[in-house]
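Asks: Next come a sequence and a model predicted from it.
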Amino acid sequence: MQDDKFTAGAVGVIWAIMWFFLVYDSPAQHPRISAEEREYIEKALNKKTETKVVNVSHIRLRRIIIVIPPTSIIKMRRGVSLFVRWSV
């Protein structure tokens, strides 16, 4: 049982180390891609951000605040009660 926790932790640490060394914030910072590939990626990213327009005026915040918390509390309590029932 303990070995499973150590294995999961080790995999997580290895994943994080690989992530820190292999992932970059932007194509311009990445050392192993060509200039042509960098241009292509940046053009595609700019095209996506330019055409994306978000209109949030139709969102009803009052309804979100009133409806979401009670439903999440109900789901959480039901999940806890099922877990207690199955674990006994």
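Replies: That came in fine, so what should we check first? Numbers count the residues shown, from 1 in each chain.
Asks: what's the following helix or strand after the helix or strand hosting D4?
Replies: Using DSSP states H and E, D4 sits in helix 2-22. Using DSSP H and E, the next helix or strand after helix 2-22 towards the C-terminus is helix 35-51.
Asks: ok, and what's touching that next one?
Replies: Helix 35-51 has contacts (CB atoms under 8 Å, 6 or more residues apart in numbering) with P27, A28, H30, I33. Just so you know, the C-beta spots here come from the backbone N, C-alpha and C atoms, and that holds for glycine as well.
Asks: who's in contact with the second one?
Replies: By CB under 8 Å, 6+ apart, the contact list for A28 reads R38, E42.
Asks: is it true that H30 touches L22?
Replies: No - in this structure, H30 is not within contact of L22 by CB atoms under 8 Å, at 9.6 Å.
Asks: hmm, back to that, now, which of the contacts of helix 35-51 sits nearest S72?
Replies: Within these, proximity to S72 (CB to CB) peaks at P27, which comes in at 38.3 Å.
Asks: So for that closest one, what's the pLDDT?
Replies: P27 is assigned a predicted lDDT (pLDDT) of 85.
Asks: Relative to S34, how far out is it?
Replies: 10 Å (CB to CB, to the nearest Å).
Asks: what touches both of the two?
Replies: With CB under 8 Å, 6+ apart, P27 and S34 have no common neighbours.
Asks: Show me which of these two is the more surrounded one.
Replies: The residue with more neighbours, out of P27 and S34, is P27; 15 against 8, by other CB atoms under 10 Å.
Asks: Quick one: residues contacting that one.
Replies: P27 touches I33, E37, R38, I41, E42, L45, counting by CB under 8 Å, 6+ apart.
Asks: Same list, those residues, but as CSV with neighbour count, distance to R78 and pLDDT please.
Replies: Shown next, in CSV, are the contacts of P27 (neighbours: other CB atoms under 10 Å; distance: CB to CB, whole Å; pLDDT from 0 to 100):
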residue, neighbour count, distance to R78, pLDDT
I33, 15, 49, 90
E37, 12, 50, 93
R38, 15, 50, 92
I41, 15, 45, 88
E42, 13, 47, 87
L45, 12, 42, 82
